[in-house]
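Q: Sequence and predicted structure are below.
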Amino acid sequence: MSDLISMDKMPAPYKDLLAKLQPETAFGGENFSTSRRISLKQSTFRKIINGNEVQKLSEKHMDIVIVKAAPISRMYYAAAYVEGDSGPPTCWSADTSKGVPSPDVLAADRQANSCHECTQNIKGSGQGQGKACRFQQRLAVMLAESVSTRDIYTLTVPSASIFKTVEHGMTMQSYARFLQAHKTPVAALVTEISLDEDSSYPLLTFKPARPLEENELEIVVEMQEHPDTIAATTLKITPVEEEEEVKGFEKEVETPTNSKGTDTPALEFRDDEPTAEVEAKVEEPQKKTSKKTKIAEETPPQEALDELLDEWDD
């Protein structure tokens, strides 16, 4: 039976015919979507599809294309982290540049009217000298080995991997500044991300691997505004009351444990708990005004990218 539905062994002409079929959105009662993400749990790269781990990578590095980045967000959990607890946050801000909690946060859960004045944003409010409210950033990425599939993955970068200064390599903010100095869009490159093997927590470093081929670049330009990319970089958490009356039913519906209701898998919100020591060293990001440039308009020539890679190797 498995051979009947497996497309891997199908002849090429048959696959071409399958590609012409129109998707049947009514079958099964709904239009099913596929969510993909890369987890850093236990300092190991893991591929997660629809909430299920499908592959655990043995290597401590992987090549990706960063298609689009979301604004830096932050999250606060009232309860201490427990292994396996993947529920949504109590209070959060989807865009720290706005300096306020997201409007979807319930009034009872809102910790302050301003993130900058919030007591959860003070060193020592979390464990040790750490802040209870923590930064992160969502990236929409493609695997460099399979750009042609157009599969978009969400990679959530924890705060230390954004701001921390490391002795060897570059964390994300340093990498962004490096590319900006060379007027190189990050989406025009294959980026190698590595997990620091000497770190006790998931710590990512970034470096340029190679320029994209022209056909790859065309796909990346196409995918920058694709719905999958927008979904991957959109932090949307929709709280509901713990109990609500459902029309047509006499009894109330209970909210599942550790969840207030989300539009994306709960596991995505609390997967890799950073240590208090890390958070204590992370400084508040400064709000800067930058002009966004589409890679289709200012893609650097091949020579410039080659010089960039040569400089990094030096």
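A: Perfect, I can see it now. Computed from a prediction, not measured in an experiment: that's the story for all the values here.
Q: Which pLDDT value goes with S6?
A: pLDDT, S6: 56.
Q: And for the one 5 residues further on?
A: According to the prediction, P11 has pLDDT 77.
Q: residues near the nearest residue to I152 once chain neighbours are set aside, how many?
A: Once flanking residues are discounted, I152 sits nearest to D228: 4.1 Å by Cβ to Cβ, 6 or more residues apart in numbering. From N, CA and C alone the C-beta is placed, and that goes for glycine too. Here the number of neighbours of D228 (other Cβ atoms under 10 Å) works out to 19.
Q: Quick check: phi and psi at D228.
A: phi -60, psi -40 (degrees, to the nearest 10).
Q: what's near enough to touch it?
A: Applying Cβ atoms under 8 Å, 6 or more residues apart in numbering, we find D228 in contact with 140, 150, 152.
Q: just the buried members of those residues?
A: Among the contacts of D228, those classed as buried by 16 or more other Cβ atoms under 10 Å are 140, 152.
Q: of all the contacts of D228, which comes closest to E216?
A: Distance to E216, by Cβ to Cβ, is smallest for R150 among the contacts of D228, at 10.9 Å.
Q: can you pull the pLDDT of the closest one?
A: Note on R150: pLDDT of 95.
Q: now swap in K236 and tell me
A: In this model, K236 carries a pLDDT of 81.
Q: Quick check: it vs D151, distance?
A: 21 Å (Cβ to Cβ, to the nearest Å).
Q: Comparing the two, which shows the higher neighbour count?
A: Each of K236 and D151 has its neighbours counted (other Cβ under 10 Å); D151 has more, 15 against 11.
Q: Grab the nearest non-local neighbour of that one.
A: Closest to D151 by Cβ to Cβ, 6+ apart is R36, at 6.1 Å.
Q: for G99, same thing?
A: C115 (5.2 Å).
Q: Identify the residues contacting the one you found.
A: 74, 93, 96, 99-101, 121, 133.
Q: could you dump those to CSV with neighbour count, secondary structure and distance to P158?
A: Below are the contacts of C115 laid out as CSV (neighbours: other Cβ atoms under 10 Å; DSSP: H, G, I helix; E, B strand; the rest coil; distance: Cβ to Cβ, whole Å):
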residue, neighbour count, secondary structure, distance to P158
R74, 25, strand, 11
S93, 24, strand, 16
T96, 20, helix, 14
G99, 14, coil, 21
V100, 16, coil, 22
P101, 23, coil, 20
N121, 19, helix, 17
C133, 27, strand, 13
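Q: Count the neighbours of L57 for me.
A: L57: 13 neighbours (other Cβ under 10 Å).
Q: per-residue pLDDT, it?
A: 93.
Q: so it sits right up against S43, yeah?
A: No. At 11.4 Å, L57 does not count as touching S43 under the criterion of Cβ atoms under 8 Å.
Q: Strands along this structure, start to end?
A: 36-39, 46-49, 52-56, 61-69, 73-76, 91-93, 133-143, 153-158, 189-195, 204-211, 243-245, 252-254 (DSSP state E).
Q: Could you point out which of those strands sits nearest H182?
A: So among these, strand 204-211 is nearest, using Cβ to Cβ, at 9.1 Å.
Q: Which residues outside the closest one are in contact with it?
A: Here strand 204-211 has contacts from 40, 63, 144, 157-158, 161, 166, 168-172, 174-175, 179, 184, 188-196, 302, 305-306, 308-309, 312, using Cβ under 8 Å, 6+ apart.
Q: Try it again at 6 Å.
A: Strand 204-211 is contacted by residues 63, 161, 169-170, 172, 175, 189-194, 305, 309, 312 when judged by Cβ atoms under 6 Å, 6 or more residues apart in numbering.
Q: Just flag the most distant two among these.
A: It's S161 and L305 that sit farthest apart of those, by Cβ to Cβ, at 24.1 Å.
Q: Could you check which of those two has the larger neighbour count?
A: Taking neighbours as other Cβ under 10 Å, S161 and L305 compare with S161 leading, 29 against 19.
Q: residue contacts, that one?
A: 171-172, 203-204.
Q: Nearest to D16, out of these: which one, please.
A: Looking across the contacts of S161 and measuring by Cβ to Cβ, the closest to D16 is L204, at 39.2 Å.
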